[in-house]
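[1] Dropping the sequence and predicted coords here.
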Amino acid sequence: MREKKLNFKNAEVRYRIENEEGRPTIFMLHAAFADHGLFEDQVADFGSDCRIVLIDLPGHGANRSLPASVSLRDMPEICARIAAENGIERCVAMGVSLGALVAQAFADRCPNIVESVVIVGGYSIHKANEAVLKAQRKEGLKWLLYVLFSMDKFKRYVLRVSCHTERGRAKLEQGVMQFRRKSFSSMGGMASLLRKTDDPMPYSLLIVVGEHDLKLAHDAAVQLHGLEPRSELVVIPDAGHCANVDQPAAFNRILRRHLSGA
């Protein structure tokens, strides 16, 4: 895997590329509080024949020390710049939870580049998201209370609600343990990723939800699938919010099937 840097706003955004000659190209964008290690099982399976781009979100992993001037709102442009610098003309954008919002925003801003989007444990930035956004605001208040009193308790809470299996929690923990209180400042601008539209998406869409994810997540996935004619909805058994780490073999089979028709 080759480590690279993107000069952006007088800062260096770090990212990694696996197999620069592989096809297709997949941008993999992790969940909040994690890092690119969330895709270790996908890199192992797809890295021999696909080009994989892994970017830690601002405030996370290798990019946890970026200045406050670089935040979540910049991620669509960062993805586009990385694509341009590496001669990537077409790609699949895949994201888990928060990463799924970034993947869709990348596709929204760069429809000439992104031909397919994979949403794992996420929701639409365009439609069928009102209930999720309302619940997310309440969740943010809970995070604030945890963070004010104990980052350790906050991290344990994140691990508990994000994965259903011990294996999944162990994978997620590697990134979560690097997250710091000051990293929250880099997560601003999530609202800027949202863009309401009733139009169907111009790309194929794979929506993945874990069997044990929240009912709210299931309801949002079903509603979105009903609104998007080019979408496929898959529920992965014995998996939680981060289904790709809870059940990697099942997830990878689904992803490979999607890529064959993308």
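    Thanks, I have the structure now.
[2] For this protein, which residues score under the pLDDT cut-off?
    140-143, 146-147, 262 (pLDDT under 70).
[3] for the longest helix belonging to it, packing partners?
    Taking DSSP state H as the criterion, the chain has its longest helix at helix 130-149. Judged by 3 or more CB pairs under 8 Å, 6 or more residues apart in numbering; DSSP states H and E, helix 130-149 is in contact with helix 151-162, helix 215-227. For glycine as for every other residue, the C-beta is placed from the backbone atoms N, C-alpha and C.
[4] Quick one: residues contacting the most centrally placed residue in the chain.
    In the chain, the residue lying closest to the centroid (CA atoms, centre = their mean) is G99, at 2.0 Å. Contact analysis of G99 by CB atoms under 8 Å, 6 or more residues apart in numbering lists M28, L29, H30, A31, L57, V120, G122.
[5] Could you tell me the backbone phi and psi angles at the second one?
    Backbone torsions of L29, given as degrees, to the nearest 10, read phi -120, psi 120.
[6] Now the closest residue to it other than its chain neighbours: which helix or strand?
    Spatially, and ignoring its direct neighbours in sequence, L29 is nearest to G99 (3.2 Å; CB to CB, 6 or more residues apart in numbering). Under the criterion of DSSP states H and E, G99 resides in helix 98-109.
[7] secondary structure element for Y15?
    Taking DSSP H and E as the definition, Y15 sits inside strand 11-18.
[8] who touches that strand?
    1-7, 36, 43, 47, 51-56, 58, 62-63, 66-67, 69-70, 78, 82, 86.
[9] Does K127 touch D199 like I think?
    No. With contacts counted by CB atoms under 8 Å, K127 stays clear of D199, the gap being 9.0 Å.
[10] Looking at these two, which one has more neighbours?
    Higher neighbour count among K127 and D199: K127, with 19 against 7, using other CB atoms under 10 Å.
[11] Just confirm that one is within a strand.
    No. Judged by DSSP: H, G, I helix; E, B strand; the rest coil, K127 forms no part of a strand; its state is coil.
[12] can you pull the contacts of it?
    For K127, counting by CB under 8 Å, 6+ apart, the contacting residues are K196, T197, D198, L224, L227.
[13] what about S124, how many residues close to it?
    Neighbours of S124 using other CB under 10 Å come to 26.
[14] Name the SS class of it, please.
    coil.
[15] ok now do the residue nearest to it when sequence neighbours are not counted, which residues does it touch?
    Distances taken as CB to CB, 6+ apart place L224 nearest to S124, at 4.9 Å, with adjacent residues excluded. By CB under 8 Å, 6+ apart, the residues touching L224 are I119, Y123, S124, K127, A128, I207, S231.
[16] Next one: the fifth one relative to D198, how far apart?
    It refers to A128. 10 Å (CB to CB, to the nearest Å).
[17] Could you do the fourth one as well?
    Plainly put, K127 is 6 Å away from D198 if you go by CB to CB.
[18] From E115, how far out is the residue nearest to the centre of the chain?
    In terms of CB to CB, G99 sits 18 Å off from E115.
[19] count of residues packed around R23?
    Neighbours around R23, by other CB under 10 Å: 11.
[20] Secondary structure class of it, three-state.
    coil.
[21] these two touch, right, it and R51?
    Yes. Between R23 and R51 a contact is recorded at 6.6 Å, counting by CB under 8 Å.
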